[in-house]
Each structure stands twice: as C-alpha cells, then as structure tokens.
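[1] What follows is a predicted structure for the sequence shown.
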Amino acid sequence: MTVSDELFAPVGDGQEICFQTFGTPDAAPRGPLLLVMGLSGPMIWWPVGFCEALVEAGFFVIRYDNRDTGRSFRAEGRVARGDLIKAFLGRPVQAPYSISDLATDGIAILDHLGIESAHVCGMSMGGMIVQTMAIEHPTRVRSVTSVMSTTGDRRVGFQHPTLIPKLLRSPGRGREAYADATAAFWSFIGSPGYPTALDEVRARALDTYDRGISASGVMRQMMAILTQPNRSRRLAAVTVPMTVIHGRADKMVHVSGGRATARAARADLLLIDGMGHDLPRALWATFVRSITATADRAA
C-alpha cells in the first residue's frame, strides 16, 4: 500500500496545512475521502490501520492536521478562559477564526492535490467542519459522514455537566503530565462498551505531544465551536448523501446532536450502544461499512 510522506498544502498568507495520503487515486474506485479530526486532534488520531481499511474499501484516503494542531500552522489571537465562558453563555465575543475557516482549510488540500470533489468524514468538531463543507462548498463534496457531532443548535449536542471543568483544566507541564491528563480525560469520555487499553491511550497521547501541541490553539478551536451558527436550516439544503453516526453513551456531544443532525439533513442515522466519544478499534469495521455505503449512494 502506498503511504505518502507528510506533505504541506498552502492556505494563504504563507500558512500551511500538513496532510498525508494513503493509497493512490488511480486504484481507488470509490474516489478520494477526506478525514477531518475534532478538537485538539492531529491527523494521527485517525489510526493508520483504520486508514488502511478504508483504502482496502476502495478509497484514496487523506488525513490532515487542522490548524492549531500537529504540524499545521498556528493561528493568531488569544482566547482567555473568561472569553470561553462568555461564549458558552451566548454572550458576544470575538473569535480568532470560525468553523467556516476550518472548512476552507480542508478544501485547500483538495485544491493542492487537484481533486475536484471528495467524500468527507468528520468526527466531533470535524463533523461540524464537514457539514459546513457540504453547505458552503457543495460542488466539492460527494458524500458526508458526520460522526459524534451536532448542528450548532445549543439545545442539542450538549456536554455532560461534569465535562466543562475538565476541558478547561490545564494538562500540566511536560510530556508525561500531558499523557497522564489525556488518559484520565479519555477514560471519562471514551466508549464504555468498547474500552481502549490505557497503554494505547497513553501511547497516542505521547505521540500527540511529540507531534506538537498548542494550549492556546485548543482555546481558539473551542471558541470556533462555541461561536458556530445553527446549521439546521442550511443542512436541509444539502443534496449529497449523508450518514450520521453517534454513540448513545457520548458524554462530550450528547446523542441529541446526532439525532438533530440526521433530522435536519434527512440523513441516515446509526446510533451505537456503548459507544462514547472515540473511535475504538472494535468499531472500525462498522465505520468503514457506513462510510462506504454512504459513498456508494452518491454513485
């Protein structure tokens, strides 16, 4: 299987987004698939084995670091915790960038690769991004799979009450402290029905730290999430096939967010018992089947 080196796509003003591809376009009968990760997540949160399974299913797979994560550029603008609280309460605040800007970054990768349109799959904040791609760049999207995400409507997709302090808590200083904090957080939001081994969570956390983390970047991404618009009405105008996947045990984005997304877009809805806010290995085959079936509906 062909796996590219980590490459960079320009997004304007000298900024670049880091990405990587799996497979080759001429050996991908289902076409290109752009994977978009969520809050604070670099592209390595899409496991290599999962990407390889998608290549075996007939896709040319592209994963990338959103701005403010991994090896992609760091945006400007400071967001204080008080600003996040104001945004959470619905008060006016200034966001350094928007979900629309994050969607444009993904489209820039397609431009760089000369890809006219692609299937898109996004998790959590990535789901918000791919929904926005379908709304604002309709000719560039073939199908949408929105995973553990929501519409931007504040009445749905809310966090578990005990989660906000955990999101605002500092992970501490240093590599080991970051891994410990990450392991504790994911033990809370992960899938109770499909638990991931602690050493696997810590290993991913250490790789994430080594790849490059930005506490200020996470705050900017959180502000983009908190200031996003309600996409419900605009989702109704999306004409490409869409599937929504959500775990019934999700504490990060309540399952009501997935239900609302499917209802607004008239999309297929797959609810999974025991699934939280992660991508456990035991569910990879389920995800691949759903993404593939959605893409085939576009054909």
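    Arrived safely. Small disclaimer: the values here were computed from a predicted structure and weren't measured. Numbering: from 1, shown residues only.
[2] Can you show me the helices along the protein?
    48-56, 81-88, 99-113, 125-136, 163-168, 175-189, 198-211, 215-226, 232-235, 255-265, 284-298 (DSSP state H).
[3] Would you mark the buried spots in stretch 55-71?
    Neighbour counts over stretch 55-71 (16 or more other CB atoms under 10 Å) mark 55, 57-71 as buried. Just so you know, the C-beta spots here come from the backbone N, C-alpha and C atoms, and that holds for glycine as well.
[4] Narrow the residues you listed to those in strands?
    Among the buried residues of stretch 55-71, the ones falling in strands (DSSP state E) are 59-64.
[5] I'd like to know which of those is nearest to residue 278.
    Lowest distance from residue 278 to these (CB to CB) belongs to residue 63, with 16.3 Å.
[6] For the closest one, give me its contacts.
    By CB atoms under 8 Å, 6 or more residues apart in numbering, the residues touching residue 63 are 19-20, 22, 35, 37, 43, 46, 51.
[7] Same list (the helices of the chain) but as JSON lines, adding mean pLDDT.
    Formatted as JSON lines, these follow (pLDDT from 0 to 100):
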{"stretch": "helix 48-56", "mean pLDDT": "98"}
{"stretch": "helix 81-88", "mean pLDDT": "90"}
{"stretch": "helix 99-113", "mean pLDDT": "98"}
{"stretch": "helix 125-136", "mean pLDDT": "98"}
{"stretch": "helix 163-168", "mean pLDDT": "67"}
{"stretch": "helix 175-189", "mean pLDDT": "90"}
{"stretch": "helix 198-211", "mean pLDDT": "94"}
{"stretch": "helix 215-226", "mean pLDDT": "96"}
{"stretch": "helix 232-235", "mean pLDDT": "98"}
{"stretch": "helix 255-265", "mean pLDDT": "98"}
{"stretch": "helix 284-298", "mean pLDDT": "98"}
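[8] May I see these organised as TSV, with distance to residue 28 added?
    Output for the helices of the chain, formatted as TSV (distance: least, CB to CB, whole Å):
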stretch	distance to residue 28
helix 48-56	7
helix 81-88	40
helix 99-113	12
helix 125-136	19
helix 163-168	37
helix 175-189	32
helix 198-211	26
helix 215-226	30
helix 232-235	28
helix 255-265	26
helix 284-298	11
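[9] Distance from stretch 181-196 to the middle of the chain?
    Distance, stretch centre to chain centre, for stretch 181-196: 17 Å (CA atoms, centre = their mean, to the nearest Å).
[10] still on that earlier bit, what's the farthest-apart pair in the contacts of residue 63?
    Farthest pair in the contacts of residue 63 (CB to CB) is 22 and 37. Separation: 14.9 Å.
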